[in-house]
Each structure stands twice: as C-alpha cells, then as structure tokens.
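> Next come a sequence and a model predicted from it.
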Amino acid sequence: MMDIFVIVIIIFLVMTSFVALYRAYKGPSAADRIVAINVISTKVSSIIVMIALISHQSGYVSVALIYAMVGFIATLGVAKYLLRKRLD
C-alpha cells in the first residue's frame with residue numbers, strides 16, 4: 001500500500017516538473033528561469049529519495065544529496081553570472 005502511495009506522489013512530482021520546465025522555457029525574466037530550474041532540481045532530488053524508499057536502496061539517498069548540492073551550486077553560479085556578467 002505504501003509503495004502505491006509513493007508511486008502516485010512520484011507521478012505527481014513528474015507532472016508538476018513539466019510545469020516548471022515550461023516556466024523555465026517561457027519565463028518572462030531570467031529570475032523566473034533560475035527559480036524554475038531550481039524547482040526542477042529539488043523535485044528530482046525528492047523523486048530519487050522516493051525511489052530509494054521503494055527499492056530499499058539507501059545508496060540512492062546519497063546520490064540525491066549530491067544532486068541537490070550540485071543543483072544549489074549551479075543555481076548560485078547562474079545567478080551570480082546574471083548579476084555580474086562574469087564568474088570570478
């Protein structure tokens with residue numbers, strides 16, 4: 001029963017990720033695009049953790065944490081580049 005609930009949540013997160021993907025593509029400003037990409041990164045990390053719950057593989061949680069850290073650093077880098085037009 002719990003696995004079915006987690007699968008439903010995964011499907012919901014994937015569907016809402018497409019909404020964020022649309023905002024990243026059409027966003028009226030660069031800030032909207034950055035936030036949308038950050039939302040997608042967070043949702044993917046959550047999906048990886050839920051897959052770890054279903055498959056009982058604790059190694060996936062480490063992968064999700066690394067992915068979340070890389071996504072955060074990438075978001076900071078893009079934001080800094082858009083503000084200053086250089087990455088130093």
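Received, thanks.
> can we go C-alpha only for contacts and neighbour counts from here?
OK.
> give me phi/psi at residue 27?
For residue 27, the backbone dihedrals (degrees, to the nearest 10) come out as phi -40, psi 130.
> per-residue confidence for the spatially most central residue of the chain?
For the chain, residue 41 is the residue whose C-alpha lies nearest the centre (CA atoms, centre = their mean; 1.5 Å). Listed pLDDT for residue 41 reads 93.
> check which helix or strand covers residue 62.
helix 59-84 (DSSP states H and E).
> next one: that helix to chain centre, how far?
Here helix 59-84 shows a centroid-to-chain-centroid distance of 9 Å under the convention CA atoms, centre = their mean, to the nearest Å.
> how about that helix: buried residues?
By neighbour count on 16 or more other CA atoms under 10 Å, the buried set for helix 59-84 is 60, 61, 64, 67, 68, 71, 75, 78, 79.
> Provide a list of residues in contact with the first one.
Taking CA atoms under 8 Å, 6 or more residues apart in numbering as the definition of contact, the neighbours of residue 60 are 48, 49, 51, 52.
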